[in-house]
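>>> Give me a model of this one.
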Amino acid sequence: MTDKKRRNKIIICAAVLIVYFCFAFYLVYNAEIFPHFEENIKITLMNKHKDNSVMGMNGVEPYYYQDFTGTPDDIKKIRIRCKRKGSDDDAYIYFRLLDADTGEEYAVTDGYVNDLIKTSYTFVTINVPEKNRNLKGKNLRLFVELQDAVLTRVYLTSNYKQGLVYNVNNYPDLRFNIIYNMEFGQKAWLNKLYFAVMALLILFLVFSFYLFIIKKYEVAKAYIPIAVILGITMSAVFTPHGIPDEPGHIDTAYQLSNIMMGKGKAGDGIVYKRKADVIQDDLLVNGLESNSYYQLKENLFKRPSDTELIPVVFDDAGRIVPDIVYLPMAVGITIGRLLGLSTLMTYYIGRMLNLLVFILITAFAIKLLPYGKNLVAMIMLLPISMQQASSASYDSMINALLILYMAYNLMLYYNKKFRIKDAVVLLLLSGFIVMCKGGVYAPLCLLLIGLPYSSFRLSDKKEAKEKPKKLIFIISILAVAAVLISVLIYAGYPTFKTLLVDGTIRGETEIYTFSDIMNDPETVLYMVWNTMVQRGGSLLAGLLGGRLSWLDVKGSWIFLIILGSGLLFMTNIEGDKLTVSTKEKSCIMISHVFVIILIVGSMIVGFTKLDSDVIQGLQGRYFLPVMPLLLLMINTDMINIKKEKLYKLAMVMMVAEAMIILESLPQVID
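Now for the predicted structure:
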């Protein structure tokens, strides 16, 4: 093809892409974004995706009140989620919103309990009159009074807000909250968010088009700039607390930040945080909603007003991982605190450091790979990979180091050389692997069996004398590794221990134990089958990036099929296919099968109830680290993709990723 023809073809492709995305942006904005602009912003103060507790009221204890700080402007509605048991015709209930300092009443909802509250969970709404809606910064009191109740019991859904609530029933140490959600303001300002994300997506597509279509870079070569732009875009769309278990990850990293700053640990389950950070965390739900972006708009550049350190209860997410996985996030939090930055800015610095470390480690791993470079690079660019990499989650470091470990093994398989420094590197990485997530990825250490020990067969007599020393060294390293693995698995990192020891004991909850599996393996096999049939599609979608945030942001199967098909094609790229010996293939397959069994088994004994017909708690992203080698193993001579087709394939997959992000926006601002 002449240069002129190629230039014309590029111009046509660029024009088609521009027209397509302009049309897509227009449709999404007018059909899914604009119609919601007149709706109120919703802030959920109850836990989503996590359990909440219950606060009971009866005729003996008929009062409940909580004092809290008013934070949003223009509060319009407050909702309390409750239910009743028993029935008294005369039982009456009041829900009042008052000024905690003056006692002035701002809003009230009242009525007979039988009329207002059902025996199943009901939302009671307190409508705030327009004249009383400017409550930002005021000390507010939500007062609930139950009258004439004999048989009637009222149960209010509650949780713990350690910064927002400062007094409950005249007990300053109590922090219980019964407000389920509030509505305030309007969503009209969200058009700025939409256009900001559109700008990032356009930048992402322009870079992709330039690198893949104009410059004809392979995915591996274009990986770093594409990953940076895509990671920043994902972090803008999926705000702090918008990624699974991110609040716990942030608090665990915060504890490490305290150690860095000489504050030390506060104790088990307790971490010291700036009060402004605690309040900001209270105002962010486990997930995404319009309020998430309102908090971003209002508070990203606002310096914290109260930096006093206060103790708060937190869920330590670092119990099944080494502290090093939180190091980038902890450094970011430390920088933000030292500079006096806002909570959200502090978290974003930590997130960006997490992303940077992930990209650097995975880019190095891709460079080490003798084959499968483009496939691994594309897997690391999947929406789910970028979501985890650009968050506070420990998945960022775990996924990166697992990919590095597998890449290092493949490099040694290919080079047929094994040196002392390689043994040291693999020992360190192996030690890390067995300490992560309770040891579910520990079977990857079986890859070591395929290493080229035969490279120490030396012909020279002098060199031959050195052979026993080298072999003794290697055997010693492996022996130490085996002992280390055994100790860590049993004592500190409990997946195997839970499965094989604690899993024999029936606890208070009706969760499967190892004894149940051994006594009735047939039922467990049925449950595994049901999981594949009923939830296999959801697990596959989660693995490709079709279940984002807390699994409630869904991508269209149209674009997921493009991503999945593209990955299958990339396993068969000319000159980039996996070529290993039978022994090495066996090590790969056996190790990966054991990893999958451990992941599934840990979900059975950790989350699945006896009456369930499917495995509970299982997510597609758990299999992300073993995805590259499994895909590389299924290459076939029946398909041979020429490298010149790779650039077009990569561009099509980037367009699919952009569309998944685009279609997520209407879902996250609901």
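>>> where are the low-confidence patches of the stretch 501-650 of the chain?
501-509 (pLDDT under 70).
>>> where exactly do the helices run in it?
Ranges of helices in the stretch 501-650 of the chain, per DSSP state H, counting those that start in this stretch, are 514-519, 521-544, 557-570, 582-607, 627-632, 643-668.
>>> And the fifth one, what does it pack against?
What it means is helix 627-632. helix 373-380, helix 395-415, helix 557-570, helix 582-607 (3 or more C-beta pairs under 8 Å, 6 or more residues apart in numbering; DSSP states H and E). Placement of C-beta: from N, CA and C, glycine included.
>>> let's go with 6 Å and repeat that
helix 373-380 (3 or more C-beta pairs under 6 Å, 6 or more residues apart in numbering; DSSP states H and E).
>>> Name the next helix or strand downstream of the helix it packs on, please.
The first helix or strand that comes after helix 373-380 along the chain, using DSSP states H and E, is helix 383-389.
>>> Name the residues that touch that next one?
Helix 383-389 is contacted by residues 230-231, 234, 238, 355, 358, 395-396, 545, 548, 621, 657, 660 when judged by C-beta atoms under 6 Å, 6 or more residues apart in numbering.
>>> if you set the cut-off to 7 Å instead, what comes out?
Contact with helix 383-389 is made by 230-231, 234, 238, 243, 354-355, 358, 379, 395-396, 399, 542-545, 548, 621, 624, 657, 660, as judged by C-beta atoms under 7 Å, 6 or more residues apart in numbering.
>>> swap in stretch 95-107?
67, 78, 80, 108-110, 124, 126-129, 132, 135, 138-144.
>>> how about a cut-off of 8 Å?
Outside stretch 95-107, the residues that touch it by C-beta atoms under 8 Å, 6 or more residues apart in numbering are 67, 78, 80, 108-110, 124, 126-129, 132, 135, 138-145, 167.
>>> Are any of those residues buried, and if so which?
Burial by neighbour count, 16 or more other C-beta atoms under 10 Å: within these this picks out 67, 78, 80, 109, 124, 126, 128, 135, 138-144, 167.
>>> In helices only, show me those residues.
If you go by DSSP state H, those have nothing in helices.
>>> Let me know the closest of those residues to residue 587.
Using C-beta to C-beta, residue 80 is the member of these that lies nearest residue 587, at 57.8 Å.
>>> any weak-confidence spans in this protein?
Looking at the chain by pLDDT under 70, you get 1, 453-509.
>>> mind checking which of the helices of the stretch 501-650 of the chain is nearest residue 404?
Nearest to residue 404, of those and by C-beta to C-beta, is helix 627-632 at 11.5 Å.
>>> Kindly format the C-alpha coordinates of that closest one as CSV.
What follows is helix 627-632, C-alpha atoms only, in CSV (Å, rounded to 0.1, in the frame of the first residue of the first chain):
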residue,chain,number,x,y,z
MET,A,627,-5.9,-15.7,33.3
PRO,A,628,-2.7,-14.9,31.2
LEU,A,629,-1.1,-18.3,31.4
LEU,A,630,-4.4,-20.2,31.0
LEU,A,631,-5.1,-18.3,27.8
LEU,A,632,-1.6,-18.7,26.5
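>>> Looking at the helices of the stretch 501-650 of the chain, which one is packed in the most?
helix 627-632 (a mean of 22; mean count of other C-beta atoms under 10 Å).
>>> Show me the contact partners of it.
In contact with helix 627-632 (C-beta under 8 Å, 6+ apart) are residues 371-372, 375-376, 379, 403, 406, 410, 543, 567-568, 570-571, 577-578, 588, 592.
>>> got the contact list for the residue nearest to residue 69 when sequence neighbours are not counted?
Excluding the flanking residues, the one nearest residue 69 by C-beta to C-beta, 6 or more residues apart in numbering is residue 164, at 5.9 Å. Shown in contact with residue 164 (C-beta under 8 Å, 6+ apart): 45, 68-69, 71, 177, 279, 282-283.
>>> mind redoing it with 10 Å?
With contact taken as C-beta atoms under 10 Å, 6 or more residues apart in numbering, residue 164 is in contact with 45, 66, 68-71, 175, 177, 179, 278-283.
>>> between the helices of the stretch 501-650 of the chain, which one is nearest to residue 206?
Using C-beta to C-beta, the helices of the stretch 501-650 of the chain put helix 643-668 closest to residue 206, at 10.7 Å.
>>> quick one: the closest one to helix 521-544, angle?
100 degrees (axes from the mean of the first three to the mean of the last three C-alpha atoms, to 10 degrees).
>>> all numbers from here: first residue = 148
Done: numbering now begins at 148, and the last item shifts to helix 790-815.
>>> From the chain's centroid, how far away is helix 790-815?
21 Å (C-alpha atoms, centre = their mean, to the nearest Å).
>>> just to revisit the earlier point, ok, which pair from the contacts of residue 311 is furthest apart?
Going by C-beta to C-beta, the pair spanning the contacts of residue 311 furthest: 213 and 427, at 19.1 Å.
>>> List the buried residues for stretch 469-478?
Result for stretch 469-478 [16+ other C-beta under 10 Å]: buried residues 469, 472-478.
>>> can you pull the contacts of residue 794?
358-366, 369.
>>> Please compute how far stretch 364-379 lies from its chain's middle.
On C-alpha atoms, centre = their mean, the centre of stretch 364-379 falls 21 Å from that of its chain.
>>> Pull out the buried positions in it.
Result for stretch 364-379 [16+ other C-beta under 10 Å]: buried residues 364-370, 372-379.
>>> Mark which of those residues are part of helices, please.
366-370, 372-379.
>>> Adding distance to residue 159, write the residues you listed out as TSV.
Below are those laid out as TSV (distance: C-beta to C-beta, whole Å):
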residue	distance to residue 159
366	23
367	27
368	25
369	22
370	27
372	25
373	23
374	28
375	29
376	25
377	26
378	31
379	30
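>>> still on that earlier bit, phi, psi for the residue nearest to residue 216 please.
Main-chain dihedrals, residue 311, degrees, to the nearest 10: phi -80, psi -40.
>>> Over to residue 326?
Torsion angles, degrees, to the nearest 10, at residue 326: phi -70, psi 120.
>>> Quick check: closest non-adjacent residue to residue 773.
residue 739 (4.9 Å).
>>> Spit out the contact partners of the one you found.
Residue 739 neighbours (C-beta under 10 Å, 6+ apart): 553, 590-591, 593-594, 770, 772-774, 776-777, 780.
>>> So among the residues you listed, which ones count as buried?
By 16+ other C-beta under 10 Å, these give 553, 590-591, 593-594, 770, 772-774, 776-777 as buried.
>>> so which strand or helix has the residue lying closest to residue 459 once chain neighbours are set aside?
Distances taken as C-beta to C-beta, 6+ apart put residue 309 closest to residue 459, at 4.6 Å, once the chain neighbours are dropped. Per DSSP H and E: residue 309 is located in neither a helix nor a strand.
>>> correct me, but residue 309 touches residue 427?
No. Between residue 309 and residue 427 there is no contact under C-beta atoms under 10 Å: 11.6 Å.
>>> Contact partners for residue 741?
587-593.
>>> Among those, name the ones in strands.
Secondary-structure check on these using DSSP state E: no residue lies within strands.
>>> Distance to residue 536 for those residues - can I get that in TSV?
Output for those, formatted as TSV (distance: C-beta to C-beta, whole Å):
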residue	distance to residue 536
587	20
588	17
589	23
590	24
591	20
592	24
593	27
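>>> How much space separates the residue nearest to residue 773 from residue 555?
16 Å (C-beta to C-beta, to the nearest Å).
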